[in-house]
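**Student:** coords please:
(chains A and B)
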2 protein chains.
Amino acid sequence: IDPSHICISSGVTAVLDLFFFATCDPGDGCLIPAPYFPAFDNDMNIRNEVAPLPVQPKDTHTYIPTVAEMDAAVDEAAKRNVRARVLLITNPGNPLGTLYPEATLKLLLWAVRREMHVLSDEIYANSKFGYVAQNAVEEKLLSPEMVAEFVHTAYGMSKDFGMNGFRVGCLHTKNGDLLNLWQNMGMFAAVSNDTQHALAVMLQDDTFVDFYVEENKRRLKNSYNLLTSAFTSVKLNYMPACAAMFCWLDLRSLLTECTFEAERALWKEILEDCKVLLTPGEACHYAEPGFFRVCYASMPPEHLQVACTRLTSFVEKKRRKRKLSSA
Amino acid sequence: IDPSHICISSGVTAVLDLFFFATCDPGDGCLIPAPYFPAFDNDMNIRNEVAPLPVQPKDTHTYIPTVAEMDAAVDEAAKRNVRARVLLITNPGNPLGTLYPEATLKLLLWAVRREMHVLSDEIYANSKFGYVAQNAVEEKLLSPEMVAEFVHTAYGMSKDFGMNGFRVGCLHTKNGDLLNLWQNMGMFAAVSNDTQHALAVMLQDDTFVDFYVEENKRRLKNSYNLLTSAFTSVKLNYMPACAAMFCWLDLRSLLTECTFEAERALWKEILEDCKVLLTPGEACHYAEPGFFRVCYASMPPEHLQVACTRLTSFVEKKRRKRKLSSA
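**Tutor:** Numbers count the residues shown, from 1 in each chain, chains lettered A, B, ... in the order given. Just a heads-up that it's a prediction; the model follows:
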């Protein structure tokens, strides 16, 4: 990677803000496969007035939209006079904890052929703990010129290194206009020299970084296994993850009815009964009620175990009640 | 000062960016008494599309515009469909190195009565080395409600403490809308926790801060005296300063003609002949050619002495040449 292709700002939030300012006009739209990270809406909308355009994939095995679904989302937006200018993906995904497999990068080709910018938010890039297929695809499908103009990657220190307070995000791009824009407007969200120095010292310590990344993966995998074993023990379905710190849990069977009202009620019940805070699928803009994001990385395994026990007891209690009431 | 009235961003540049976003619509204007800091134009214009409206004061003794001059600037802007929404002053001033005397704070009253926001950039507030009259005026002229809504102060660590790489700026305001806005949009330009911690440790050390501020003033005053003695020795006029790190120098007598072309030529000649870099008045949006900002704080006195000797020799050489050619 050529260092001159990297722009640095005070967090990926700041990177997104400038990126959307640079690539969109107010009233334009950004396609995002759902479910997706709740805060993206704010990042693109509040200052830049860019509308999030969630794409709901029918394939709940991969959660990857088809080209037809993408086309339909573009057409639907166009009817409301919203022009889709950007495709935003997160890879590894939040809330899914999965990686885009190579075959699905046809989405990228689909977007770039329409002269749409593609931003891949790879903030969990060093937190891949499961099996990961080769992912170097760009050059095969696209000309280097198209990649340079339209394909961009965001990265930050907050997740892989647990350094969200450090406010360091970067954009990797070969697009000359974007690089020029950062030269000047990057000053509106610059990273302090002392933080840059501390990070440079840390990142140059290969022994530490290698150890940290491996140990982080090991612990994530342990926690993920602990969590999913608990889900399996009570026959709960979830999306198998291989990266990041999330698990996408299917609690549709516990809903009193198939509505977001019921989803919110269940979310509240779990919070009050188990003292476990999940993210409802509605907040992730997922169209079908009953799914929840479980974030499992911010606690030691023994605490996670307590949370799991509470959750599984809760599930069993709900099922017993339902059986009784239907008996 | 109530800490809840302070918003922090990554540098005063970032503070200005959000402030203008909050207070202006694209196409609005901001009044600024000239001469003024060259970078303000970029800060307000490039992202927020706010037009700088320089006000040229006739009174070159104080460089403070009269109410009539302010009114004229507002009317002139209105003719171009630009609405003046903000009055931006720097106090202490850049490039003048002076303070707004109490009497002139009627400008503030003038602005607030027109429901114009007033932003006072006080980034040199702790670099006052000359005689400074009492400056606490707001409450006398304005109601607390008007002050809370319309009067705001910017401060940063870059000048008084020489910490521009640290990217820490703040806005002091009692305006609830601005405070709310920063709660959310402040994340687009946040200051890293480690920088905040380092500064907190430093600023809590009263002994150090008191020593530093006093020593800084002492050295600024020494350098200022050294510089102005040199100017006096060759009978050059300058604006007497009492703060910051600038001196506004009148070199009109050296211009070949009263044009900005001649100003640029003289600037280039000084740069090449003396290896001394001044800021031409044109860059500070001053309407009359022949004035220059001298920044004297970034070098030890012995180097400043070298620069002064070169400058005074240059002035004498120019005068001799002129005498010869007119003889």
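**Student:** Dihedrals phi and psi, A:Ser127?
**Tutor:** When read as degrees, to the nearest 10, the backbone of A:Ser127 gives phi -120, psi 50.
**Student:** Oh, that last question was meant for A:Ile8, not what I typed.
**Tutor:** phi -110, psi 130.
**Student:** That one contacts A:Val168, correct?
**Tutor:** Yes: A:Ile8 is within contact range of A:Val168, at 6.8 Å (criterion: CB atoms under 8 Å). C-betas here are computed from N, CA, C, even on glycine.
**Student:** ok, the nearest residue to A:Gly130 once chain neighbours are set aside to chain B distance?
**Tutor:** Leaving out its chain neighbours, the residue that sits closest to A:Gly130 by CB to CB, 6 or more residues apart in numbering or on different chains is A:Cys242, at 2.7 Å. Distance, A:Cys242 to chain B, by CB to the nearest CB, to the nearest Å: 30 Å.
**Student:** where along the stretch 101-250 of chain A do the strands fall?
**Tutor:** For the stretch 101-250 of chain A, the strands defined by DSSP state E, counting those that start in this stretch cover A:117-121, A:151-156, A:169-172, A:237-238, A:246-250.
**Student:** Give the intersection of the neighbour lists for A:Ile8 and A:Val168.
**Tutor:** A:Val191, A:Gln196 (CB atoms under 8 Å, 6 or more residues apart in numbering or on different chains).
**Student:** Among those two, which residue is more densely surrounded?
**Tutor:** A:Val168 (26 against 17; other CB atoms under 10 Å in any protein chain shown).
**Student:** Starting from A:Met157, give me the distance back to the more buried one.
**Tutor:** 5 Å (CB to CB, to the nearest Å).
**Student:** Mutual contacts of those two, please.
**Tutor:** A:Leu199.
**Student:** Nearest residue to A:Ala243 in space, please, no chain neighbours.
**Tutor:** A:Pro92 (3.5 Å).
**Student:** Helix, strand or coil: sort out that neighbour for me.
**Tutor:** Secondary structure state of A:Pro92, per DSSP: H, G, I helix; E, B strand; the rest coil, is coil.
**Student:** how many neighbours does it have?
**Tutor:** 27.
**Student:** Next: A:Val118.
**Tutor:** Neighbours of A:Val118 (other CB under 10 Å): 24.
**Student:** Report the beta-bridge partners for it.
**Tutor:** Beta bridges link A:Val118 to A:Leu87, A:Val151 when assigned by DSSP bridges.
**Student:** what separates it from A:Phe260, distance-wise?
**Tutor:** 30 Å.
**Student:** angle of the top helix by length along chain A against strand A:246-250?
**Tutor:** Counting by DSSP state H, the longest helix found in chain A is helix A:206-233. Here helix A:206-233 points in a direction 10 degrees away from that of strand A:246-250 (axes from the mean of the first three to the mean of the last three CA atoms, to 10 degrees).
**Student:** what's A:Lys217 in contact with, if anything?
**Tutor:** Shown in contact with A:Lys217 (CB under 8 Å, 6+ apart): A:Ser127, A:Lys128, A:Phe129.
**Student:** same question, A:Ser313
**Tutor:** Counting by CB under 8 Å, 6+ apart, A:Ser313 has no contacts.
**Student:** so which helix or strand takes in it?
**Tutor:** helix A:301-326 (DSSP states H and E).
**Student:** hmm, back to that, buried only: go through the contacts of A:Lys217 for me.
**Tutor:** Buried by 16 or more other CB atoms under 10 Å in any protein chain shown: A:Ser127, A:Lys128, A:Phe129, out of these.
**Student:** pLDDT and distance to chain B for those residues - can I get that in JSON lines?
**Tutor:** Converted to JSON lines, these look like this (pLDDT from 0 to 100; distance: CB to the nearest CB, whole Å):
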{"residue": "A:Ser127", "pLDDT": "89", "distance to chain B": "21"}
{"residue": "A:Lys128", "pLDDT": "87", "distance to chain B": "26"}
{"residue": "A:Phe129", "pLDDT": "83", "distance to chain B": "27"}
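**Student:** circling back to that earlier point, can you verify my assumption that the residue nearest to A:Gly130 contacts A:Leu96?
**Tutor:** No: using CB under 8 Å, A:Cys242 makes no contact with A:Leu96, being 9.9 Å away.
**Student:** Comparing the two, which residue is more hemmed in?
**Tutor:** A:Leu96 (25 against 18).
**Student:** Show the pLDDT at the residue nearest to the more buried one when sequence neighbours are not counted.
**Tutor:** Residue nearest to A:Leu96 in three dimensions, not counting chain neighbours: A:Trp248, with 5.1 Å by CB to CB, 6+ apart. pLDDT, A:Trp248: 97.
**Student:** Next, name the residue at the spatial heart of chain A.
**Tutor:** A:Asn94 (2.6 Å; CA atoms, centre = their mean).
**Student:** Check the burial of A:Glu122 by counting its neighbours.
**Tutor:** Residues near A:Glu122, counting by other CB under 10 Å: 21.
**Student:** pLDDT score for it?
**Tutor:** According to the model, A:Glu122 carries a pLDDT of 92.
**Student:** Find the residue closest to A:Val50 in space, skipping its chain neighbours.
**Tutor:** Leaving aside its chain neighbours, A:Val50 sits nearest to A:Met44 (4.1 Å; criterion: CB to CB, 6+ apart).
**Student:** list the buried ones in the helix or strand containing the one you found?
**Tutor:** Using DSSP H and E, A:Met44 maps to helix A:40-45. By 16+ other CB under 10 Å, the buried positions in helix A:40-45 come out as A:Phe40, A:Asp41, A:Asn42, A:Asp43, A:Met44.
**Student:** Redo those residues as CSV? Include pLDDT.
**Tutor:** What follows is the buried residues of helix A:40-45, written out as CSV (pLDDT from 0 to 100):
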residue, pLDDT
A:Phe40, 96
A:Asp41, 96
A:Asn42, 95
A:Asp43, 95
A:Met44, 97
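**Student:** and the stretch 101-250 of chain A, which residues reach chain B?
**Tutor:** A:165-168, A:184-185, A:187-195, A:198 (CB under 8 Å from any CB of the partner chain).
**Student:** which among those end up buried?
**Tutor:** Of these, these count as buried by 16+ other CB under 10 Å: A:165-168, A:185, A:187-192, A:194-195, A:198.
**Student:** For these, work out which two are farthest apart.
**Tutor:** Farthest-apart pair in these is A:Met185 and A:Ala198; separation 24.8 Å (CB to CB).
**Student:** domain assignment for chain A?
**Tutor:** Annotated domains of chain A cover A:3-203, A:208-326 [automatic domain parsing].
**Student:** how long is the last one end to end?
**Tutor:** It stands for domain A:208-326. Length of domain A:208-326, first residue to last, CA to CA, to the nearest Å: 58 Å.
**Student:** How far away from the center of its chain is it?
**Tutor:** 17 Å (CA atoms, centre = their mean, to the nearest Å).
**Student:** could you give the angle of the helix holding A:Ser313 to helix A:206-233?
**Tutor:** 20 degrees.
**Student:** Setting the sequence-adjacent residues aside, check what's closest to the residue in the stretch 201-327 of chain A that chain B sits nearest to.
**Tutor:** Per CB to the nearest CB, A:Met202 is where the stretch 201-327 of chain A lies closest to chain B, at 11.3 Å. Counting by CB to CB, 6+ apart, A:Met202 lies nearest to A:Phe208, which is 6.8 Å off, once chain neighbours are set aside.
**Student:** burial count for the one you found?
**Tutor:** Neighbours of A:Phe208 (other CB under 10 Å): 12.
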